[in-house]
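> Show me the folded form of this:
(4 chains)
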2 protein chains.
Amino acid sequence: MFSKACEYGIRATLFVAEQSAKGKRTGVKEIAKQTDSPEAFTAKILQTLVKSQILVSVKGPSGGFEIDKASLDKITLMNLVKAIDGDNIYNGCGLGLKECNSKHPCPVHDHFVSIRDDLKKMLSSTTLSQLINDLENGYTVLKR
Amino acid sequence: MFSKACEYGIRATLFVAEQSAKGKRTGVKEIAKQTDSPEAFTAKILQTLVKSQILVSVKGPSGGFEIDKASLDKITLMNLVKAIDGDNIYNGCGLGLKECNSKHPCPVHDHFVSIRDDLKKMLSSTTLSQLINDLENGYTVLKR
DNA sequence: AATATTTCGGACAAATATATCCTTTATTAA
DNA sequence: TTAATAAAGGATATATTTGTCCGAAATATT
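Below is the predicted model:
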(Lines give C-alpha, C1' and ligand atoms only; values in the text may rest on other atoms or scores of the structure.)
Protein backbone atom coordinates (compact mmCIF):
# COMPACT_ATOMS: atom_id res chain seq x y z
CA MET A 1 0.00 0.00 0.00
CA PHE A 2 2.38 2.69 1.24
CA SER A 3 6.18 2.73 1.01
CA LYS A 4 8.23 2.13 4.14
CA ALA A 5 9.17 5.80 4.03
CA CYS A 6 5.51 6.71 4.14
CA GLU A 7 4.73 4.31 6.99
CA TYR A 8 7.58 5.74 9.04
CA GLY A 9 6.58 9.25 8.04
CA ILE A 10 3.00 8.86 9.19
CA ARG A 11 4.05 7.26 12.46
CA ALA A 12 6.64 9.99 13.06
CA THR A 13 4.19 12.77 12.26
CA LEU A 14 1.60 11.33 14.61
CA PHE A 15 4.11 11.16 17.41
CA VAL A 16 5.22 14.74 16.79
CA ALA A 17 1.59 15.81 16.59
CA GLU A 18 0.77 14.11 19.85
CA GLN A 19 3.70 15.83 21.56
CA SER A 20 2.90 19.18 19.98
CA ALA A 21 -0.64 18.95 21.29
CA LYS A 22 0.95 18.75 24.75
CA GLY A 23 3.19 21.70 23.93
CA LYS A 24 6.30 19.55 23.67
CA ARG A 25 8.95 19.59 20.97
CA THR A 26 10.70 16.32 20.19
CA GLY A 27 13.89 15.19 18.39
CA VAL A 28 14.73 12.47 15.88
CA LYS A 29 16.15 10.15 18.50
CA GLU A 30 12.99 10.14 20.56
CA ILE A 31 10.73 9.99 17.50
CA ALA A 32 12.58 6.98 16.12
CA LYS A 33 12.48 5.22 19.47
CA GLN A 34 8.81 5.85 20.08
CA THR A 35 7.81 4.75 16.60
CA ASP A 36 10.25 1.84 16.41
CA SER A 37 11.79 3.20 13.21
CA PRO A 38 15.37 3.45 11.87
CA GLU A 39 16.75 6.72 13.18
CA ALA A 40 18.78 8.01 10.21
CA PHE A 41 16.11 7.08 7.71
CA THR A 42 13.45 8.74 9.82
CA ALA A 43 15.60 11.87 9.90
CA LYS A 44 15.51 12.01 6.10
CA ILE A 45 11.76 11.65 6.02
CA LEU A 46 11.35 14.36 8.63
CA GLN A 47 13.41 16.65 6.40
CA THR A 48 10.98 15.98 3.56
CA LEU A 49 8.04 16.76 5.79
CA VAL A 50 9.64 20.02 6.88
CA LYS A 51 10.19 21.02 3.26
CA SER A 52 6.54 20.20 2.58
CA GLN A 53 5.68 22.55 5.41
CA ILE A 54 3.90 19.88 7.39
CA LEU A 55 6.39 19.93 10.25
CA VAL A 56 8.45 22.75 11.70
CA SER A 57 12.02 22.09 12.77
CA VAL A 58 14.24 23.97 15.18
CA LYS A 59 18.00 23.42 15.28
CA GLY A 60 20.28 23.44 18.27
CA PRO A 61 19.89 22.47 21.92
CA SER A 62 16.28 21.83 22.94
CA GLY A 63 15.50 21.90 19.23
CA GLY A 64 13.54 19.25 17.38
CA PHE A 65 10.28 18.94 15.49
CA GLU A 66 6.83 20.26 16.15
CA ILE A 67 3.54 21.00 14.41
CA ASP A 68 1.67 24.24 14.58
CA LYS A 69 -1.33 23.46 16.77
CA ALA A 70 -3.63 25.29 14.40
CA SER A 71 -2.75 22.89 11.60
CA LEU A 72 -3.52 19.72 13.56
CA ASP A 73 -6.99 19.61 12.16
CA LYS A 74 -6.00 20.92 8.75
CA ILE A 75 -3.36 18.34 7.89
CA THR A 76 -4.74 15.05 6.59
CA LEU A 77 -3.29 11.65 5.83
CA MET A 78 -3.55 12.62 2.18
CA ASN A 79 -1.15 15.53 2.79
CA LEU A 80 1.39 13.15 4.32
CA VAL A 81 1.05 10.51 1.63
CA LYS A 82 1.37 13.04 -1.17
CA ALA A 83 4.42 14.63 0.42
CA ILE A 84 6.23 11.29 0.73
CA ASP A 85 4.85 8.89 -1.90
CA GLY A 86 3.48 11.36 -4.41
CA ASP A 87 0.01 11.05 -5.83
CA ASN A 88 0.39 7.79 -7.70
CA ILE A 89 -1.73 6.02 -5.13
CA TYR A 90 -4.93 7.54 -6.36
CA ASN A 91 -4.01 8.69 -9.86
CA GLY A 92 -2.26 5.60 -11.19
CA CYS A 93 -3.90 2.72 -13.08
CA GLY A 94 -4.31 -0.59 -11.25
CA LEU A 95 -2.53 -2.41 -14.07
CA GLY A 96 0.06 0.29 -14.75
CA LEU A 97 -1.33 1.58 -18.05
CA LYS A 98 -0.39 5.13 -18.98
CA GLU A 99 -3.66 6.20 -20.50
CA CYS A 100 -6.22 4.40 -18.40
CA ASN A 101 -9.45 6.25 -17.71
CA SER A 102 -13.19 5.75 -17.98
CA LYS A 103 -13.11 6.38 -21.76
CA HIS A 104 -10.20 3.97 -22.26
CA PRO A 105 -10.25 1.63 -19.28
CA CYS A 106 -7.98 -1.26 -18.37
CA PRO A 107 -9.72 -4.50 -17.44
CA VAL A 108 -9.82 -3.65 -13.75
CA HIS A 109 -10.50 0.07 -14.00
CA ASP A 110 -14.21 -0.03 -13.20
CA HIS A 111 -13.68 -2.58 -10.46
CA PHE A 112 -11.21 -0.27 -8.71
CA VAL A 113 -13.13 2.97 -9.04
CA SER A 114 -15.20 2.81 -5.88
CA ILE A 115 -12.37 1.36 -3.81
CA ARG A 116 -9.98 4.05 -4.93
CA ASP A 117 -12.60 6.72 -4.32
CA ASP A 118 -13.24 5.45 -0.82
CA LEU A 119 -9.53 5.40 -0.10
CA LYS A 120 -9.12 8.90 -1.42
CA LYS A 121 -12.08 10.11 0.59
CA MET A 122 -10.77 8.50 3.75
CA LEU A 123 -7.24 9.85 3.31
CA SER A 124 -8.36 13.37 2.59
CA SER A 125 -10.90 13.54 5.41
CA THR A 126 -8.81 12.02 8.20
CA THR A 127 -6.94 14.71 10.12
CA LEU A 128 -4.07 14.49 12.57
CA SER A 129 -6.42 15.70 15.33
CA GLN A 130 -8.69 12.74 14.83
CA LEU A 131 -5.82 10.30 14.85
CA ILE A 132 -4.02 11.61 17.91
CA ASN A 133 -7.25 11.57 19.83
CA ASP A 134 -7.26 7.76 19.77
CA LEU A 135 -3.55 7.73 20.51
CA GLU A 136 -3.97 9.85 23.64
CA ASN A 137 -6.73 7.55 24.86
CA GLY A 138 -4.36 4.63 24.49
CA TYR A 139 -6.84 3.12 22.06
CA THR A 140 -4.26 3.01 19.26
CA VAL A 141 -0.47 2.51 19.26
CA LEU A 142 2.49 3.60 17.16
CA LYS A 143 4.70 0.53 17.54
CA ARG A 144 4.75 -3.26 17.71
CA MET B 1 -0.91 -0.80 -5.18
CA PHE B 2 0.52 -3.82 -6.97
CA SER B 3 4.14 -4.49 -7.93
CA LYS B 4 5.20 -4.18 -11.56
CA ALA B 5 5.51 -7.97 -11.62
CA CYS B 6 1.89 -8.25 -10.57
CA GLU B 7 0.69 -5.70 -13.10
CA TYR B 8 2.48 -7.55 -15.91
CA GLY B 9 1.29 -10.87 -14.52
CA ILE B 10 -2.36 -9.87 -14.53
CA ARG B 11 -2.12 -8.40 -18.02
CA ALA B 12 -0.33 -11.49 -19.30
CA THR B 13 -2.82 -13.83 -17.69
CA LEU B 14 -5.74 -11.94 -19.16
CA PHE B 15 -4.22 -12.14 -22.62
CA VAL B 16 -3.56 -15.86 -22.24
CA ALA B 17 -7.09 -16.33 -20.91
CA GLU B 18 -8.57 -14.44 -23.84
CA GLN B 19 -6.63 -16.60 -26.30
CA SER B 20 -7.45 -19.79 -24.44
CA ALA B 21 -11.13 -18.95 -24.61
CA LYS B 22 -10.66 -18.95 -28.39
CA GLY B 23 -8.82 -22.26 -28.20
CA LYS B 24 -5.45 -20.65 -28.97
CA ARG B 25 -2.14 -21.20 -27.23
CA THR B 26 0.29 -18.27 -27.09
CA GLY B 27 3.99 -17.72 -26.40
CA VAL B 28 6.01 -15.24 -24.35
CA LYS B 29 6.91 -13.13 -27.37
CA GLU B 30 3.31 -12.55 -28.37
CA ILE B 31 2.17 -12.09 -24.77
CA ALA B 32 4.82 -9.44 -24.10
CA LYS B 33 3.98 -7.63 -27.31
CA GLN B 34 0.23 -7.63 -26.76
CA THR B 35 0.55 -6.44 -23.19
CA ASP B 36 3.36 -3.99 -23.84
CA SER B 37 5.56 -5.66 -21.22
CA PRO B 38 9.29 -6.51 -21.06
CA GLU B 39 9.65 -9.94 -22.60
CA ALA B 40 12.25 -11.60 -20.37
CA PHE B 41 10.68 -10.31 -17.20
CA THR B 42 7.27 -11.46 -18.35
CA ALA B 43 8.75 -14.89 -18.97
CA LYS B 44 9.82 -15.09 -15.32
CA ILE B 45 6.39 -14.12 -14.11
CA LEU B 46 4.76 -16.67 -16.37
CA GLN B 47 7.00 -19.32 -14.79
CA THR B 48 5.70 -18.31 -11.38
CA LEU B 49 2.13 -18.54 -12.58
CA VAL B 50 2.76 -22.00 -14.00
CA LYS B 51 4.23 -23.16 -10.68
CA SER B 52 1.16 -21.76 -8.96
CA GLN B 53 -0.92 -23.88 -11.33
CA ILE B 54 -2.75 -20.89 -12.72
CA LEU B 55 -1.30 -21.31 -16.21
CA VAL B 56 -0.28 -24.40 -18.13
CA SER B 57 2.85 -24.33 -20.26
CA VAL B 58 3.88 -26.53 -23.17
CA LYS B 59 7.45 -26.63 -24.43
CA GLY B 60 8.65 -26.98 -27.99
CA PRO B 61 7.32 -25.91 -31.36
CA SER B 62 3.73 -24.70 -31.23
CA GLY B 63 4.14 -24.64 -27.47
CA GLY B 64 3.30 -21.72 -25.21
CA PHE B 65 0.90 -20.89 -22.43
CA GLU B 66 -2.75 -21.60 -21.94
CA ILE B 67 -5.42 -21.81 -19.27
CA ASP B 68 -7.75 -24.68 -18.75
CA LYS B 69 -11.12 -23.38 -19.96
CA ALA B 70 -12.84 -24.86 -16.95
CA SER B 71 -10.79 -22.69 -14.63
CA LEU B 72 -11.57 -19.40 -16.34
CA ASP B 73 -14.40 -18.76 -13.95
CA LYS B 74 -12.65 -20.26 -10.97
CA ILE B 75 -9.48 -18.17 -11.06
CA THR B 76 -9.84 -14.74 -9.49
CA LEU B 77 -7.68 -11.63 -9.32
CA MET B 78 -6.96 -12.64 -5.74
CA ASN B 79 -5.38 -15.88 -6.97
CA LEU B 80 -3.08 -13.92 -9.27
CA VAL B 81 -2.14 -11.32 -6.69
CA LYS B 82 -1.40 -13.92 -4.04
CA ALA B 83 0.72 -15.95 -6.45
CA ILE B 84 2.87 -12.96 -7.40
CA ASP B 85 2.79 -10.42 -4.55
CA GLY B 86 1.86 -12.69 -1.66
CA ASP B 87 -0.93 -11.87 0.74
CA ASN B 88 0.55 -8.76 2.32
CA ILE B 89 -1.92 -6.60 0.49
CA TYR B 90 -4.80 -7.63 2.65
CA ASN B 91 -3.05 -9.01 5.71
CA GLY B 92 -0.47 -6.31 6.35
CA CYS B 93 -0.96 -3.26 8.56
CA GLY B 94 -1.36 0.12 6.88
CA LEU B 95 1.47 1.55 8.97
CA GLY B 96 3.67 -1.56 8.87
CA LEU B 97 3.15 -2.70 12.47
CA LYS B 98 3.74 -6.39 13.14
CA GLU B 99 0.97 -6.94 15.62
CA CYS B 100 -1.77 -4.69 14.37
CA ASN B 101 -5.32 -5.96 14.76
CA SER B 102 -8.66 -4.87 16.16
CA LYS B 103 -7.51 -5.59 19.72
CA HIS B 104 -4.24 -3.72 19.25
CA PRO B 105 -4.82 -1.31 16.39
CA CYS B 106 -2.49 1.18 14.76
CA PRO B 107 -3.90 4.69 14.34
CA VAL B 108 -5.26 4.00 10.86
CA HIS B 109 -6.44 0.43 11.41
CA ASP B 110 -10.14 1.17 11.79
CA HIS B 111 -10.06 3.66 8.97
CA PHE B 112 -8.67 1.03 6.61
CA VAL B 113 -10.91 -1.85 7.58
CA SER B 114 -13.79 -1.24 5.21
CA ILE B 115 -11.54 -0.25 2.33
CA ARG B 116 -9.41 -3.31 2.73
CA ASP B 117 -12.49 -5.50 3.03
CA ASP B 118 -13.96 -4.04 -0.13
CA LEU B 119 -10.69 -4.58 -1.96
CA LYS B 120 -10.49 -8.16 -0.72
CA LYS B 121 -14.09 -8.79 -1.70
CA MET B 122 -13.55 -7.35 -5.16
CA LEU B 123 -10.32 -9.27 -5.78
CA SER B 124 -11.74 -12.57 -4.64
CA SER B 125 -15.00 -12.25 -6.54
CA THR B 126 -13.65 -11.04 -9.88
CA THR B 127 -12.93 -13.95 -12.19
CA LEU B 128 -10.97 -14.16 -15.41
CA SER B 129 -14.19 -14.92 -17.28
CA GLN B 130 -15.70 -11.63 -16.20
CA LEU B 131 -12.60 -9.69 -17.17
CA ILE B 132 -12.07 -11.21 -20.60
CA ASN B 133 -15.68 -10.61 -21.44
CA ASP B 134 -15.06 -6.84 -21.49
CA LEU B 135 -11.79 -7.40 -23.34
CA GLU B 136 -13.48 -9.35 -26.13
CA ASN B 137 -16.07 -6.61 -26.50
CA GLY B 138 -13.28 -4.14 -26.97
CA TYR B 139 -14.61 -2.28 -23.95
CA THR B 140 -11.30 -2.67 -22.07
CA VAL B 141 -7.69 -2.80 -23.23
CA LEU B 142 -4.42 -4.40 -22.12
CA LYS B 143 -1.99 -1.75 -23.25
CA ARG B 144 -1.34 2.01 -23.54
C1' DA C 1 33.27 33.64 22.90
C1' DA C 2 33.28 28.65 23.45
C1' DT C 3 30.88 24.50 23.63
C1' DA C 4 27.32 21.32 23.18
C1' DT C 5 23.25 20.05 20.82
C1' DT C 6 20.39 19.23 17.02
C1' DT C 7 18.83 19.53 12.25
C1' DC C 8 20.52 19.71 7.26
C1' DG C 9 22.64 17.93 3.28
C1' DG C 10 25.45 15.09 0.65
C1' DA C 11 27.82 10.87 -0.11
C1' DC C 12 27.77 6.29 0.47
C1' DA C 13 26.08 1.26 1.44
C1' DA C 14 22.83 -2.52 1.44
C1' DA C 15 18.69 -4.74 0.13
C1' DT C 16 15.10 -5.48 -2.97
C1' DA C 17 12.69 -5.07 -7.33
C1' DT C 18 13.06 -4.88 -12.08
C1' DA C 19 15.05 -6.56 -16.15
C1' DT C 20 18.25 -9.13 -19.40
C1' DC C 21 20.99 -12.93 -21.23
C1' DC C 22 22.38 -17.44 -22.05
C1' DT C 23 22.46 -22.40 -21.46
C1' DT C 24 19.63 -26.45 -20.69
C1' DT C 25 15.55 -29.24 -21.30
C1' DA C 26 11.46 -30.80 -23.51
C1' DT C 27 8.85 -31.38 -27.56
C1' DT C 28 7.37 -31.08 -32.23
C1' DA C 29 8.08 -31.70 -37.02
C1' DA C 30 10.74 -32.85 -40.93
C1' DT D 1 17.40 -39.08 -35.84
C1' DT D 2 18.10 -34.42 -36.62
C1' DA D 3 16.88 -29.75 -36.49
C1' DA D 4 14.12 -26.19 -34.96
C1' DT D 5 11.25 -24.18 -31.45
C1' DA D 6 9.82 -22.66 -27.05
C1' DA D 7 9.72 -22.77 -21.99
C1' DA D 8 12.78 -23.48 -17.65
C1' DG D 9 16.35 -22.05 -14.84
C1' DG D 10 20.49 -19.85 -13.43
C1' DA D 11 23.63 -16.03 -13.58
C1' DT D 12 24.07 -11.41 -14.07
C1' DA D 13 22.97 -6.39 -14.72
C1' DT D 14 20.40 -2.14 -13.58
C1' DA D 15 17.29 0.78 -10.93
C1' DT D 16 14.94 1.95 -6.95
C1' DT D 17 14.12 1.83 -2.21
C1' DT D 18 15.78 1.51 2.15
C1' DG D 19 19.14 2.68 5.29
C1' DT D 20 23.73 4.68 7.31
C1' DC D 21 27.44 7.99 8.13
C1' DC D 22 29.57 12.20 8.66
C1' DG D 23 30.74 17.04 8.18
C1' DA D 24 28.36 21.63 7.92
C1' DA D 25 25.15 24.97 9.63
C1' DA D 26 22.29 26.85 13.17
C1' DT D 27 21.24 27.85 17.89
C1' DA D 28 20.82 27.63 22.88
C1' DT D 29 23.45 27.46 27.15
C1' DT D 30 27.43 28.41 29.83
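> what about whichever helix or strand A:F15 is part of, near DNA strand C?
For A:F15, the element it lies in under DSSP states H and E is helix A:4-21. No - between helix A:4-21 and DNA strand C, judged by C-beta under 7 Å from any atom of the strand, nothing touches; the nearest distance is 9.7 Å. Just so you know, the C-beta spots here come from the backbone N, C-alpha and C atoms, and that holds for glycine as well.
> go on, stretch A:57-69?
Yes - Stretch A:57-69 comes into contact with DNA strand C (C-beta under 7 Å from any atom of the strand), by way of A:S57, A:V58, A:K59, A:G60, A:P61, A:S62, A:G63, A:G64, A:F65.
> And that stretch, end to end?
End-to-end distance for stretch A:57-69, by C-alpha to C-alpha, to the nearest Å: 14 Å.
> For that stretch, could you pull out the residues that count as buried?
A:S57, A:G64, A:F65, A:E66, A:I67 (16 or more other C-beta atoms under 10 Å in any protein chain shown).
> beta partners of the fourth one?
In this entry, A:E66 is beta-bridged to A:V56, by DSSP bridges.
> Now do it, the pLDDT please.
Note on A:E66: pLDDT of 98.
> Correct me if wrong: it contacts A:V50.
No - using C-beta atoms under 8 Å, A:E66 is not in contact with A:V50, being 10.5 Å away.
> Please identify every residue contacting each of these two.
A:V56 (C-beta atoms under 8 Å, 6 or more residues apart in numbering or on different chains).
> in chain A, which helix or strand is least confident?
helix A:88-91 (a mean of 81; mean pLDDT, DSSP states H and E).
> Do it and chain B come into contact?
Yes - counting by C-beta under 8 Å from any C-beta of the partner chain, chain B has neighbours in helix A:88-91: A:I89.
> which other helices and strands contact that helix?
Under the contact criterion of 3 or more C-beta pairs under 8 Å, 6 or more residues apart in numbering or on different chains; DSSP states H and E, helix A:88-91 touches helix A:109-125.
> angle of the helix it packs on against helix B:109-125?
Calculated by axes from the mean of the first three to the mean of the last three C-alpha atoms, to 10 degrees, helix A:109-125 forms an angle of 180 degrees with helix B:109-125.
> Are helix A:109-125 and chain B in contact anywhere?
Yes - interface with chain B: helix A:109-125 contributes A:H109, A:H111, A:F112, A:S114, A:I115, A:D118, A:L119, A:M122 (C-beta under 8 Å from any C-beta).
> Name the nearest of those relative to DNA strand C.
Of all these, DNA strand C sits closest to A:F112, with 18.0 Å by C-beta to the nearest atom of the strand.
> What pLDDT is listed against A:G92?
88.
> now it: how far from DNA strand D?
Applying C-beta to the nearest atom of the strand, to the nearest Å, the value for A:G92 to DNA strand D is 12 Å.
> residues contacting that residue?
Counted by C-beta under 8 Å, 6+ apart, A:G92 has contacts B:M1.
> Swap in 10 Å and give it another go.
Contact analysis of A:G92 by C-beta atoms under 10 Å, 6 or more residues apart in numbering or on different chains lists A:G86, A:K98, A:C100, A:R116, B:M1, B:F2, B:E7.
> and if you look at A:A43?
A:A12, A:G27, A:V28, A:K29, A:I31, A:A32, A:S37.
> That one in helix, strand or coil?
helix (DSSP: H, G, I helix; E, B strand; the rest coil).
> Now for A:D87, how many residues are close by?
Counted with other C-beta atoms under 10 Å in any protein chain shown, the neighbours of A:D87 add up to 11.
> So which of the contacts of A:G92 are in helices?
In helices, defined here by DSSP state H, the members of the contacts of A:G92 are A:R116, B:E7.
> okay if I get the contacts of A:G92 as TSV plus pLDDT and neighbour count?
Output for the contacts of A:G92, formatted as TSV (pLDDT from 0 to 100; neighbours: other C-beta atoms under 10 Å in any protein chain shown):
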residue	pLDDT	neighbour count
A:G86	93	12
A:K98	95	9
A:C100	96	21
A:R116	94	19
B:M1	90	21
B:F2	95	20
B:E7	98	24
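> ok, of the contacts of A:G92, which one's closest to DNA strand D?
Nearest to DNA strand D among these, with distances taken as C-beta to the nearest atom of the strand, is A:G86, at 8.7 Å.
> Report the separation between the closest one and A:S3.
For A:G86, the distance to A:S3 (C-beta to C-beta, to the nearest Å) stands at 10 Å.
> Thanks a lot, catch you later.
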